[in-house]
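J.: Whatever this is, show me its structure:
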Amino acid sequence: MTRRSAVRAGVLGLILVGGGALVGVSTGLLPTSAAAADATGAPAASAKPRTTAAVTTRTMTVGEDLDGTLGYSGDRRVVNNLVGTITGLPKTGAVKSRGSRLYEIDGRLRPTLLYGARPAWRTMQRGASNGPDIKQLEQNLKVLGYTRKGDKIATRWDADTTRSVKRWQKATGQAVDGVVDLGDVVFLPGAIRVTEVAAQLGASVAPGTPVMSGTTDERVVTVDLAADRTDIVKVGDQVTIELADGSTTTGAVSDIGTVAEGSTDAFGNPSKPTVTVTIRLDDPAASAAYSNSPVTVHIVRESRANVMAVPVASLLAVLEGGYAVEVVDADGATHLVAVKTGIFQDAWVEVTAPGGDLKTGAVVVVPS
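T.: Here you go, the predicted model:
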């Protein structure tokens, strides 16, 4: 027996991870060469070629798939501040942005959508006390192009404000009086995508009557994540989203809810509390064909770059614990190298050799 063969025979018994075969210590039946030998020691007439693979350097990741829903973010609600009869309403699905007419009263009054955090609450005109609503109005008139260079945007109504309002009124077919009556404008934080029209054509309305509700026009993906699993994501994490047609797009976690909500199934059994995870899309246009559609969200829980990796099938599990791989030497013989495993991904596994006996580019046997 050669010195190399004696060393092999003394190695601990192994289980082949890929094939599941047990190799006993007493028999010395450890991988020793590419060909089997007969009882006389002569090579067998036909030997099955062994399968090998090179040790590579890869980026290995641990991922998880979550069920999500593609839809729109936020809630919007429009409340009427006029008295009269509804003579015009938008269609469900319509998107109204800054400067758009929202609905119509008495065939002539058409409240305009402007952007702002504070709702309209009074008539704005010359002599009105200073207030943030005036500043909101001026900011919108500037964006819409009705102010002039040098006009100050402030909480105070001045002559410049009156002139800007008259330009807007003239351009949009309103009575040009420089006065913005309560109900002429509706302030919302942004655009509204109409999902429900509460009012009806021909109905008499008064201040406080709900007219419509909806969402923002921002497309997002939401995931109901078990409250005890929020540690797997954090705000800013990049994710991949698989759409209904199998195509993918990317996004980032923008919000993780802090209020856990539970529910019950059809039989009244309680479910685990969940929080809502919101994901903003990097390219909203990539999902334009879908609305309120189920999607799959792939998150990366851990990632390590430039690590050594071998096929999972090349691992040999040592009975006493741990793993080894069978490395092919330059002369065609083989020897075993103990390894520690890391991340498993796509039939590959991250490995490290505690003794430094395994390098990138080495060839390992992959049992079939």
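J.: so where is the stretch 201-350 of the chain shaky, pLDDT-wise?
T.: In the predicted model, the stretch 201-350 of the chain carries pLDDT under 70 at residues 265-266.
J.: Now do the contacts for residue 342.
T.: Contacts for residue 342 (CB atoms under 8 Å, 6 or more residues apart in numbering) come out as 60, 304, 307, 349, 350, 351, 352. (Glycine included, C-beta is placed from N, CA and C.)
J.: Among those residues, name the buried ones.
T.: Neighbour counting over these (16 or more other CB atoms under 10 Å) leaves 60, 307, 349, 350, 351 as the buried ones.
J.: Of those, which belong to strands?
T.: Among the buried ones among the contacts of residue 342, the members found in strands (DSSP state E) are 60, 307, 349, 350, 351.
J.: how close does residue 189 sit to residue 270?
T.: 35 Å (CB to CB, to the nearest Å).
J.: Touching, residue 366 and residue 315? I think so.
T.: No - if you go by CB atoms under 8 Å, residue 366 and residue 315 don't touch, sitting 9.6 Å apart.
J.: So if I had to pick from those two, which one is more boxed in?
T.: residue 315 (24 against 18; other CB atoms under 10 Å).
J.: Would you mind confirming that the more buried one makes contact with residue 344?
T.: No - using CB under 8 Å, residue 315 is not in contact with residue 344, being 10.0 Å away.
J.: residues shared between the contacts of these two?
T.: Residues touching both residue 315 and residue 344 (CB under 8 Å, 6+ apart): there are none.
J.: before we move on, which element is residue 128 in?
T.: For residue 128, there is no host helix or strand (DSSP states H and E).
J.: cool, and residue 133?
T.: If you go by DSSP H and E, residue 133 is part of helix 132-143.
J.: now do residue 325
T.: Residue 325 belongs to strand 323-328 when elements are defined using DSSP H and E.
J.: higher neighbour count, residue 189 and residue 270?
T.: A side-by-side neighbour count of residue 189 and residue 270, using other CB under 10 Å, places residue 189 first with 12 against 9.
J.: Report the contact partners of the residue nearest to that one when sequence neighbours are not counted.
T.: Distance criterion CB to CB, 6 or more residues apart in numbering; nearest residue to residue 189, sequence neighbours excluded, is residue 117 at 5.9 Å. Neighbouring residues of residue 117 by CB under 8 Å, 6+ apart: 136, 187, 189.
J.: any idea whether residue 117 is helix, strand or coil?
T.: For residue 117, the secondary structure call by DSSP: H, G, I helix; E, B strand; the rest coil comes out as coil.
J.: State the distance from it to residue 366.
T.: Counting by CB to CB - residue 117 and residue 366 are separated by 63 Å.
J.: Correct me if wrong: residue 310 contacts residue 351.
T.: Yes - between residue 310 and residue 351 there is a contact under CB under 8 Å: 5.5 Å.
J.: The helix holding residue 133 - contacts with which helices or strands?
T.: Judged by 3 or more CB pairs under 8 Å, 6 or more residues apart in numbering; DSSP states H and E, helix 132-143 is in contact with strand 112-115, helix 159-171, strand 185-188.
J.: Phi, psi for the nearest residue in space to residue 323 that is not next to it in sequence please.
T.: Using CB to CB, 6+ apart and skipping residues adjacent in sequence, the residue nearest residue 323 is residue 315, 4.9 Å away. Main-chain dihedrals, residue 315, degrees, to the nearest 10: phi -70, psi 140.
J.: Likewise for residue 271?
T.: Dihedral pair for residue 271: phi -100, psi 170, per degrees, to the nearest 10.
J.: Mind jotting down where the strands sit in the stretch 201-350 of the chain?
T.: Using DSSP state E, counting those that start in this stretch, the strands of the stretch 201-350 of the chain run over 204-205, 210-215, 219-226, 238-242, 248-256, 274-281, 293-311, 316-318, 323-328, 334-345, 348-352.
J.: closest one to residue 198 among these?
T.: strand 210-215 (4.4 Å; CB to CB).
J.: Tell me which other helices or strands that closest one touches.
T.: Judged by 3+ CB pairs under 8 Å, 6+ apart, the packing partners of strand 210-215 are strand 76-79, strand 192-197.
J.: With respect to residue 97, which of these lies nearest?
T.: Taking CB to CB, strand 192-197 is the member of the helices and strands packed on strand 210-215 nearest to residue 97, at 8.3 Å.
J.: now that closest one: how far from the chain's centre is it?
T.: In terms of CA atoms, centre = their mean, to the nearest Å, the centre of strand 192-197 is set 25 Å apart from its chain centre.
J.: Many thanks, have a good one.
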